[in-house]
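[1] Sharing a sequence plus its predicted fold:
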Amino acid sequence: MPADYSLQDGAESYNWMARYLLEFLNAYLKHDQTASQFITHPAADHGVPKHLISVNLRHASIAKAEDDLPSKQ
């Protein structure tokens, strides 16, 4: 961990990362609308300090993913 971050910062960052992972899984595996809204809003809206976590949500392209699969020959 960089010297300018405390052990408390590391623990808080890990907790936020775990929360975002849980919300992501709930949104996409359980189709939970509340979780979906959580992950699409900026982290600052949830009270996450700027220096702890950065969230970038990118939607997958299904057509692109299917094109990248090896052919079954």
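    Nice, thanks for sending it over.

[2] wait, Pro42 sits on Ser54?
    No - Pro42 is beyond contact range of Ser54, at 10.3 Å (criterion: C-beta atoms under 8 Å). C-beta here means a position set from N, CA and C on the backbone, and glycine is covered the same way.

[3] ok, now which ones touch the most centrally placed residue in the chain?
    Nearest residue to the geometric centre of the chain (C-alpha atoms, centre = their mean): Tyr20, 4.8 Å. Neighbouring residues of Tyr20 by C-beta atoms under 8 Å, 6 or more residues apart in numbering: Ile39, Ile53, Val55.

[4] Surely the second one touches His46?
    No - contact status for Ile53 versus His46: not in contact, 9.8 Å apart, counting by C-beta under 8 Å.

[5] Kindly list the longest helix within this protein.
    If you go by DSSP state H, the chain has its longest helix at helix 7-29.

[6] Which positions within that one qualify as buried?
    For helix 7-29, a neighbour-count test (16 or more other C-beta atoms under 10 Å) marks Glu12, Ser13, Trp16, Tyr20, Glu23, Phe24, Asn26, Ala27 as buried.

[7] which one of those residues is nearest Ala60?
    Phe24 (12.6 Å; C-beta to C-beta).

[8] need the contact list for that closest one.
    With C-beta under 8 Å, 6+ apart, Phe24 has these contacts: Ala35, Ile39.

[9] try 6 Å this time
    Ile39 (C-beta atoms under 6 Å, 6 or more residues apart in numbering).

[10] For Phe38, report the pLDDT, please.
    Per-residue confidence (pLDDT) for Phe38: 94.

[11] where does this protein have low pLDDT?
    1-3, 62-73 (pLDDT under 70).

[12] Next secondary structure after the longest helix of the chain?
    helix 33-40 (DSSP states H and E).

[13] okay, the angle between that following helix and helix 7-29?
    If you take axes from the mean of the first three to the mean of the last three C-alpha atoms, to 10 degrees, helix 33-40 sits at 130 degrees to helix 7-29.

[14] Counting by contacts, list what helix 33-40 packs against.
    helix 7-29 (3 or more C-beta pairs under 6 Å, 6 or more residues apart in numbering; DSSP states H and E).
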